[in-house]
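Peer 1: no sequence for this one, just the structure:
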């Protein structure tokens, strides 16, 4: 067993002892009401405190009514919010965790659609806001006057005072991820000609004044979240970031939380992608450092062993809030893995939901739990993909007898192909977790078992759940029989030539292109004006960058009319040559012959409509609570 003792040892930040090295970083939940703490906010954070997290950093609270970035974010710019914030801090600390609250100002990235105000930033320029998923809105921000800068310094100091009065152990200043402090730091967004712009010492002046003001007038220990690598707007060297860290320490910060421009690392980037920045900062300062960036439980152990003081685990804790307890008990295989799909942030900022949700953890943000069924039933599940396995797992936990029937030789459904690329290893971990949990709760699994009406009758079920998934859609164009499905290529059923054309530039086509690009000439043909439009923005940005690096080409607004010889012919007469043609134009539901049994029959997952893992898992969980 991995020696985990060190990660559960206490360590001080300033003069406050934190019971262990695990940190929940600030993540928006969008369940406050007009800035006030709600019952849902308290329930969310106390859930993590109960699991044994050492330090909980409550999500960003606006220090200015004109700086909000979500409709239902917390606020700390007025005394009227203090009663709720005090209750939140107390409830967290009563459960053994230390409590911090993040002080936030979005600067030029403030959204007028929410505040009704023109954004204010270091310099007058246009900022892009992604408030509706993949859709962006551009707004011109006005330059802050010297008087407004002084007022903002006061706003941060007053907010820190409220945090201390409310019982928080620390405040965290969000100086990363493109918000106000990042905008001051970068010469690409800070074009000022006064004492707050120009040379490095001027561009950090605002941050230093805020830190010094809080230290001198409030006295609460300060955590500063900074970018240790890949600064949001560029123009800042690694050496300057180290200099910034040293100046922050000199000004009075008690801890540095070292992140980067990617607030939420997509799966295309390796876990620990930001660790190099944290380690570089750690070598140059004498205050504790918190590392963050797609870190899971096993990596967290190693990071602390390598000398980093604290490890922030965000989405992995959303996927499994019990992570600290399971880690302490040595049950690493029982920790539900985060797939880093970023559905959580995508759904939150697309305004499709009011609370934070997780693709693989249907309990997050919901007041639900698995309870024993009132009546034990014999349930047959047809199909062993993510929907079938999740339903079987939860139904068995409720006490039902469950038989999981899979026509192939392996559980996983389309998740098998989806997790083949090396950069989809997180999905493979989730698949293996499902298999492990199915085995642990003693679900009866029948592989190579193709269900038909007669076999169903022999199994004598009380309930049938159909989760047979979907299969690749074949484009309706002449000559397409020369092509192969993306799924078959991923499963290595096809020998792929050197010159490849992929019909379809959505998630599957783009991921496949990157997967096979090495030593190949790959071209994506997409009917829409751009590719990867079905991806969350962080993932899309990173994936497009990797596609360019791999030399993948794409042609958009391309309508394929036919396949002729070794060419895809477009409606405009253009011809694109290939050795291997692959289509990735979506999926279509699989169908099962009519089930003529006098028992309830339910359909879940992609056989209802091809969608995402999120939909399959959530449908399966909900049905398992109901049967």
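Peer 2: Nice, thanks for sending it over. As the structure is a computational prediction, the values presented were derived from the model and not from experiment. Numbers count the residues shown, from 1 in each chain.
Peer 1: When you work out contacts or count neighbours from here on, use the C-alpha atoms and nothing else.
Peer 2: OK.
Peer 1: Neighbours of residue 455, how many?
Peer 2: 11 (other C-alpha atoms under 10 Å).
Peer 1: In terms of helices and strands, where is it?
Peer 2: Per DSSP states H and E, residue 455 falls inside helix 453-459.
Peer 1: Run through who's touching the helix or strand following that helix.
Peer 2: As assigned by DSSP H and E, the chain's next helix or strand after helix 453-459 is strand 463-466. Contacts with strand 463-466, where a contact means C-alpha atoms under 8 Å, 6 or more residues apart in numbering, come from 377-383, 388, 599-604, 607.
Peer 1: From those residues, keep the buried residues only.
Peer 2: By neighbour count, with 16 or more other C-alpha atoms under 10 Å, these hold 377, 379-383, 388, 603-604, 607 as buried.
Peer 1: just checking, which of these belong to helices?
Peer 2: Of those, the ones assigned to helices by DSSP state H are residue 388.
Peer 1: pLDDT and distance to residue 23 added to the buried ones among the contacts of strand 463-466, as TSV?
Peer 2: Formatted as TSV, those follow (pLDDT from 0 to 100; distance: C-alpha to C-alpha, whole Å):
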residue	pLDDT	distance to residue 23
377	97	42
379	98	41
380	98	42
381	98	39
382	97	41
383	97	39
388	98	34
603	96	40
604	97	36
607	96	40
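Peer 1: List just the nearest of the buried ones among the contacts of strand 463-466 to residue 307.
Peer 2: Closest approach between the buried ones among the contacts of strand 463-466 and residue 307, by C-alpha to C-alpha: residue 388, at 42.7 Å.
Peer 1: Quick check: closest non-adjacent residue to that closest one.
Peer 2: Among residues not flanking residue 388 along the chain, residue 467 sits closest, at 5.3 Å (C-alpha to C-alpha, 6 or more residues apart in numbering).
Peer 1: Which of the three states applies to the residue nearest to residue 423 when sequence neighbours are not counted?
Peer 2: Distance criterion C-alpha to C-alpha, 6+ apart; nearest residue to residue 423, sequence neighbours excluded, is residue 268 at 5.3 Å. Classification of residue 268 using DSSP: H, G, I helix; E, B strand; the rest coil returns coil.
Peer 1: same question, the one 10 residues further on
Peer 2: Following three-state DSSP, the label given to residue 278 is helix.
Peer 1: Next, count neighbours for it.
Peer 2: Quick note: residue 278 (other C-alpha under 10 Å) scores 25 neighbours.
Peer 1: Then the one 3 residues further on?
Peer 2: For residue 281, the neighbour count with other C-alpha under 10 Å is 28.
Peer 1: quick revisit: give me the number of residues near the residue nearest to residue 388?
Peer 2: 30.
Peer 1: got the contact list for it?
Peer 2: Residue 467 touches 381-385, 387-388, 603-607, counting by C-alpha under 8 Å, 6+ apart.
Peer 1: which one of those sits closest to residue 430?
Peer 2: Distance ranking of the contacts of residue 467 against residue 430, using C-alpha to C-alpha, places residue 385 first at 11.8 Å.
Peer 1: circling back: dump the buried ones among the contacts of strand 463-466 into TSV; add distance to residue 623 as well.
Peer 2: Shown next, in TSV, are these (distance: C-alpha to C-alpha, whole Å):
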residue	distance to residue 623
377	14
379	12
380	13
381	12
382	14
383	15
388	11
603	10
604	8
607	15
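Peer 1: Could you identify the most distant pair in the buried ones among the contacts of strand 463-466?
Peer 2: 377 and 607 (23.5 Å).
Peer 1: what comes into contact with the helix or strand encompassing residue 17?
Peer 2: Element membership for residue 17, per DSSP H and E: strand 16-18. Here strand 16-18 makes contact (C-alpha under 8 Å, 6+ apart) with 10-12, 54-55, 97-98, 169.
Peer 1: Would you write out the PyMOL command that picks the buried residues out of the residues you listed?
Peer 2: Filtering these down to the buried ones (16+ other C-alpha under 10 Å) takes a single PyMOL command:
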select buried, resi 11+12+54+55+97+98+169
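Peer 1: Can you list which of the contacts of strand 16-18 are found in strands?
Peer 2: Using DSSP state E, the subset of the contacts of strand 16-18 located in strands is 11-12, 55, 98.
Peer 1: Give me the mean pLDDT for the helix or strand hosting residue 501.
Peer 2: For residue 501, the element it lies in under DSSP H and E is strand 499-503. Throughout strand 499-503, pLDDT has a mean value of 98.
Peer 1: Who are the packing partners of it?
Peer 2: If you count contacts as 3 or more C-alpha pairs under 8 Å, 6 or more residues apart in numbering; DSSP states H and E, strand 499-503 packs onto helix 507-516, strand 521-525, strand 575-577, strand 580-583.
Peer 1: please redo it, this time with the cut-off set to 7 Å
Peer 2: The contact analysis (3 or more C-alpha pairs under 7 Å, 6 or more residues apart in numbering; DSSP states H and E) places strand 499-503 against strand 521-525, strand 580-583.
Peer 1: Can you add mean neighbour count and give these back as a markdown table?
Peer 2: Formatted as a markdown table, these follow (neighbours: other C-alpha atoms under 10 Å):
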| stretch | mean neighbour count |
| --- | --- |
| strand 521-525 | 23 |
| strand 580-583 | 24 |
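Peer 1: Can you find the helix or strand in this structure with the smallest mean pLDDT?
Peer 2: The least trusted helix or strand in the chain, going by mean pLDDT, DSSP states H and E, turns out to be strand 125-132, with a mean of 69.
Peer 1: you'd agree residue 187 is up against residue 235?
Peer 2: Yes. Residue 187 lies in contact with residue 235 (C-alpha atoms under 7 Å); the separation is 6.0 Å.
Peer 1: Compare these two and say which is more crowded by neighbours.
Peer 2: For residue 187 versus residue 235, neighbours defined as other C-alpha under 10 Å are more numerous around residue 187 (19 against 14).
Peer 1: so what's residue 53 closest to, chain neighbours aside?
Peer 2: The shortest distance from residue 53 to any non-neighbouring residue, by C-alpha to C-alpha, 6+ apart, is to residue 22 (5.6 Å).
Peer 1: Residue 208: what's it in contact with?
Peer 2: 248, 251 (C-alpha atoms under 7 Å, 6 or more residues apart in numbering).
Peer 1: All set, thanks.
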